[in-house]
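[1] Whatever this is, show me its structure:
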Amino acid sequence: MPVNQKAFEALKAALGPAQVALVAVSKTKPATEIRELYDLGQLDFGENYVQELVSKQPLLPSEIRWHFIGHLQSNKVKFIAPFVHLIHGVDSSKLLREIDKQAQKAGRIIRCLLQVHIATEESKFGFDEEELSLMMQELQNNQSVLSHVKVCGLMGMASFSNDEALVRKEFSHLKSIFDRYANEEFNILSMGMSGDYRIAISEGSNMVRIGSLLFGSR
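    Sure thing, here's the model as predicted:
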């Protein structure tokens, strides 16, 4: 299925003035379709699975900024550490320490977002507010230890629901949490997907993860 060029151009026109970054979610899509969107000017692509990301990365231009947006297992960090641009779903101190370890081996600093659990579904991953507070304290106290990661914001997923009021409430809550920690370096709030990105932006998101609007249903 070809990329929806009209949808891409409309998204870029809408997001650009608002300074909202677009991550094109390319999971399950072939390299040919990713290349098609890259040729239209898109540089940021998001993948959910390590094996799929590792297989696609060598086939595509080195300028592409790869975002890992799925649930990342500690034992798989080493495979994406040499090239990943941003890891969205850091949900434990253990995972962050493993990213730091593998980043050091790769000779680079890896940018990360901490995932916050805001949805009603128990299946979603992420820190609760108390755990996040402890994690932020740990980062402040161990800056010299965690020297190869840069935590630069938060990520969250709202409930999969048609209840707009619920989704808006969850995004608003995450924005209020983000505001407690935001500064020049902690400045990314990644929330909003194809079905709810407009609500997310209205509640303060500055990075959205869009798949089906661009690539069609999976």
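[2] CA-only coordinates of stretch 157-174 in PDB, if you can.
    Listed next in PDB are the C-alpha coordinates belonging to stretch 157-174 (Å, rounded to 0.1, in the frame of the first residue of the first chain):
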ATOM      1  CA  MET A 157      -0.300   6.500  26.100                       C
ATOM      2  CA  ALA A 158      -3.900   7.300  26.900                       C
ATOM      3  CA  SER A 159      -6.600   4.700  27.300                       C
ATOM      4  CA  PHE A 160      -7.800   3.000  24.100                       C
ATOM      5  CA  SER A 161     -11.200   4.600  24.400                       C
ATOM      6  CA  ASN A 162     -13.800   6.500  22.500                       C
ATOM      7  CA  ASP A 163     -14.400   8.600  25.600                       C
ATOM      8  CA  GLU A 164     -12.800  11.900  24.600                       C
ATOM      9  CA  ALA A 165     -13.200  13.300  28.000                       C
ATOM     10  CA  LEU A 166     -11.200  10.400  29.500                       C
ATOM     11  CA  VAL A 167      -8.400  10.600  27.000                       C
ATOM     12  CA  ARG A 168      -8.200  14.400  27.400                       C
ATOM     13  CA  LYS A 169      -8.000  14.000  31.200                       C
ATOM     14  CA  GLU A 170      -5.200  11.500  30.900                       C
ATOM     15  CA  PHE A 171      -3.200  13.700  28.600                       C
ATOM     16  CA  SER A 172      -3.800  16.700  30.700                       C
ATOM     17  CA  HIS A 173      -2.600  14.800  33.800                       C
ATOM     18  CA  LEU A 174       0.600  13.800  32.000                       C
END
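[3] Neighbours of A81, how many?
    When neighbours are counted by other CB atoms under 10 Å, A81 registers 22. Every residue, glycine included, has its C-beta placed from N, CA and C.
[4] Likewise for the one 10 residues further on?
    Burial of D91 is recorded as 21 neighbouring residues (other CB under 10 Å).
[5] Distance of it relative to S144?
    With distances taken as CB to CB, to the nearest Å, D91 is found 23 Å from S144.
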